[in-house]
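Visitor: Next comes the sequence, and after it the predicted model I'd like to discuss.
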Amino acid sequence: MSLDVLRGFDMFWIIGGAGMVVALVEMLGFPKSWVDGLALQMTHVKWDGFHFFDLIFPLFIFISGVAVPYSVLEKKAKGVPVRKLQFRIIKRALILILIGLSFSLFKFQWDAIRLYQVLWLIGTSYLIGASINLHVTSWKYRVFVFFGVLLIYNLVLFYLPYPGKGDFITPENNLAAWLDRNLIKTNLAVGVYDAEGTIRMFTAGMLSLLGGMVGQRTKSYVQPTLRCSIELLIAGLICLFLGWLWSFVLPIIKGLWTPSYVLWSAGWSLLLLALFYTVIDVWNLKWLGWFFVPIGMNAITVYTAQWYLPLHESRDFFFRGFANLFDDQAIQKFILSAGLVSLQWLGLYLLYRKKIFLKI
């Protein structure tokens with residue numbers, strides 16, 4: 001259950017939780033420096049560095065990897081042919097990519113079509129991570145692949161030549177950005193590059209691979225145990241240390257999914273999993289996760305709803321008038337942001353009660 005709760009916690013910030021928490025802190029009268037600091041953490045860094053919001057995406061990829069032993073490897077153990085499971089992995093990745101493509105495709109404007117987006121990277125990283133976990137049974141070889149890919153990616157960014165290569169890695173002048181602009185012509189989120197584009201799938205795939213190994217380890221315990229929590233904690237601290245060390249070679253840059261960014265994100269993801277696993281599964285305090293479970297059980301549904309449904313218009317219809325009764329802008333912002341989250345949560349809760357889940 002902790003995995004569903006953690007997935008719901010992760011998605012909560014995307015569906016309006018970030019704005020709601022900042023508005024709540026401001027409404028409660030905390031110092032402006034606290035409010036501004038929290039608001040800053042709810043944004044992405046412009047290039048190098050790391051904010052809390054930069055963890056949301058890699059945490060989801062990590063969680064998707066943790067689920068692989070339960071959704072794929074368990075079927076392999078029951079005798080389902082590997083070829084059939086590989087086909088399912090490919091099918092799921094393609095569906096995710098096509099859903100993401102639909103967000104811009106139906107504008108019917110070629111210049112607006114964006115291939116490299118969140119579901120593209122989720123799909124391709126899942127394809128890489130799940131496939132390796134399916135075919136490579138040795139933990140030693142999987143760890144070798146994990147660090148080998150990170151190292152090769154680092155070397156490729158530094159040394160592989162391309163037209164116009166500069167002496168230093170910058171947002172507009174690096175191999176990944178050059179490939180974004182030239183490999184497949186598509187609308188780029190930042191103009192000169194796209195943080196979800198091209199070769200980033202390989203390092204993001206390593207995060208999915210790591211998640212699969214972690215999931216296999218937690219699944220090996222018949223009952224949730226504090227020993228597993230300690231293992232997750234230690235693994236998280238090791239990844240944070242390695243990410244910090246690697247950042248002296250190549251900084252933590254989300255826009256490039258650098259090895260240091262992957263390891264740093266993996267560290268925090270492991271620490272969060274350790275926390276949720278301990279509280280929800282080991283201590284059996286499942287009631288603490290009741291709010292996040294409906295979100296986590298329909299994560300793809302709630303993400304696609306951000307694009308397909310007029311959520312902000314619905315929020316304004318139900319809550320704008322009530323918010324306008326108050327002169328304090330902090331209260332208004334909290335009511336509107338909480339209203340947005342409430343509408344989505346109620347819809348997800350109804351699906352949860354009816355046992356309706358969008359599974360790909």
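Guide: Right, received. Where do you want to start?

Visitor: And the strands in the chain?
Guide: Taking DSSP state E as the criterion, the chain carries no strands.

Visitor: Which residue, neighbours along the chain excluded, lies closest to the residue nearest the centre of it?
Guide: Geometric centre of the chain, nearest residue: Phe57, 2.4 Å, by C-alpha atoms, centre = their mean. With sequence-adjacent residues excluded and distances taken as C-beta to C-beta, 6 or more residues apart in numbering, Phe57 is closest to Val118, at 6.7 Å. All C-beta atoms are positioned from the backbone trio N, CA, C, and that covers glycine.

Visitor: That neighbour contacts Leu101, correct?
Guide: No. Under the criterion of C-beta atoms under 8 Å, Val118 makes no contact with Leu101, lying 11.4 Å away.

Visitor: Distance of Ile300 relative to Gly211?
Guide: Computed as C-beta to C-beta, to the nearest Å, the Ile300 to Gly211 distance reads 17 Å.

Visitor: between those two, which one's more packed in?
Guide: Gly211 (31 against 17; other C-beta atoms under 10 Å).

Visitor: so the more buried one sits right up against Val66, yeah?
Guide: Yes. Gly211 is in contact with Val66 according to C-beta under 8 Å; the separation is 4.4 Å.

Visitor: With adjacent residues omitted, what lies nearest to Met20?
Guide: Excluding the flanking residues, the one nearest Met20 by C-beta to C-beta, 6+ apart is Ser337, at 4.0 Å.

Visitor: Could you give the number of residues near that neighbour?
Guide: Ser337: 22 surrounding residues under other C-beta under 10 Å.

Visitor: show me what contacts it?
Guide: Gly16, Gly19, Met20, Ala23 (C-beta atoms under 8 Å, 6 or more residues apart in numbering).

Visitor: show me where the stretch 251-360 of the chain has helices.
Guide: Assigned by DSSP state H, counting those that start in this stretch, the helices in the stretch 251-360 of the chain fall at 259-276, 293-297, 299-308, 311-315, 321-323, 329-353.

Visitor: could I get those as TSV with mean pLDDT?
Guide: What follows is those, written out as TSV (pLDDT from 0 to 100):
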stretch	mean pLDDT
helix 259-276	98
helix 293-297	96
helix 299-308	93
helix 311-315	96
helix 321-323	97
helix 329-353	96
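
Visitor: nearest to Leu134, of these?
Guide: In this view, the helices of the stretch 251-360 of the chain are compared for proximity to Leu134 by C-beta to C-beta, and helix 259-276 is the closest at 20.3 Å.

Visitor: could you say what helices and strands that closest one packs with?
Guide: Packed against helix 259-276 by the contact rule (3 or more C-beta pairs under 8 Å, 6 or more residues apart in numbering; DSSP states H and E) you find helix 2-12, helix 56-66, helix 139-159, helix 200-219, helix 226-246.

Visitor: could you give the mean pLDDT of the fourth one?
Guide: Predicted confidence along helix 200-219 averages 98 (mean pLDDT).

Visitor: Okay, helices next: where are they in the stretch 51-200 of the chain?
Guide: Along the stretch 51-200 of the chain, counting by DSSP H, counting those that start in this stretch, helices occupy 56-66, 68, 74-77, 82-105, 118-135, 139-159, 175-182, 200-219.

Visitor: closest one to Trp268 among those helices?
Guide: Each of those was scored for nearness to Trp268 using C-beta to C-beta, and the closest is helix 56-66 (7.4 Å).

Visitor: could you dump the closest one to CSV, C-alpha only?
Guide: In CSV, the C-alpha atoms belonging to helix 56-66 read as follows (Å, rounded to 0.1, in the frame of the first residue of the first chain):
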residue,chain,number,x,y,z
ILE,A,56,8.4,15.0,-8.6
PHE,A,57,9.1,13.7,-12.1
PRO,A,58,12.1,11.3,-11.3
LEU,A,59,10.2,10.1,-8.2
PHE,A,60,7.3,9.0,-10.5
ILE,A,61,9.8,7.2,-12.8
PHE,A,62,11.4,5.5,-9.8
ILE,A,63,8.0,4.4,-8.4
SER,A,64,7.1,3.0,-11.9
GLY,A,65,10.2,0.9,-11.6
VAL,A,66,9.5,-0.3,-8.1
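
Visitor: Distance from it to the middle of the chain?
Guide: The gap between where helix 56-66 is centred and where its chain is centred comes out at 5 Å by C-alpha atoms, centre = their mean, to the nearest Å.

Visitor: what's in contact with it?
Guide: Where contact means C-beta under 8 Å, 6+ apart, the residues beyond helix 56-66 that reach it are 3, 6-7, 10-11, 13-14, 118, 121-122, 125-126, 129-130, 133, 204, 207-212, 214-215, 218, 254, 261-262, 265-266, 268-270, 272-273, 299.

Visitor: could you redo the last one with a cut-off of 6 Å?
Guide: Residues from elsewhere that reach helix 56-66 (C-beta atoms under 6 Å, 6 or more residues apart in numbering): 3, 7, 10, 13, 125-126, 129, 204, 207-208, 211-212, 214-215, 265, 269.

Visitor: roughly how far apart are Ala177 and Leu115?
Guide: Between Ala177 and Leu115 the distance is 15 Å, computed by C-beta to C-beta.

Visitor: And these two? Which one has more around it.
Guide: Counting neighbours by other C-beta under 10 Å for Ala177 and for Leu115 shows that Ala177 has the greater number, 24 against 20.

Visitor: any idea of the pLDDT on the more buried one?
Guide: Turning to Ala177, the model gives it a pLDDT of 96.

Visitor: So it is in contact with Tyr193, correct?
Guide: Yes. Under the criterion of C-beta atoms under 6 Å, Ala177 makes contact with Tyr193 at 3.6 Å.

Visitor: mind checking how far the residue nearest to Met20 is from Arg315?
Guide: The gap separating Ser337 from Arg315 is 9 Å, by C-beta to C-beta.
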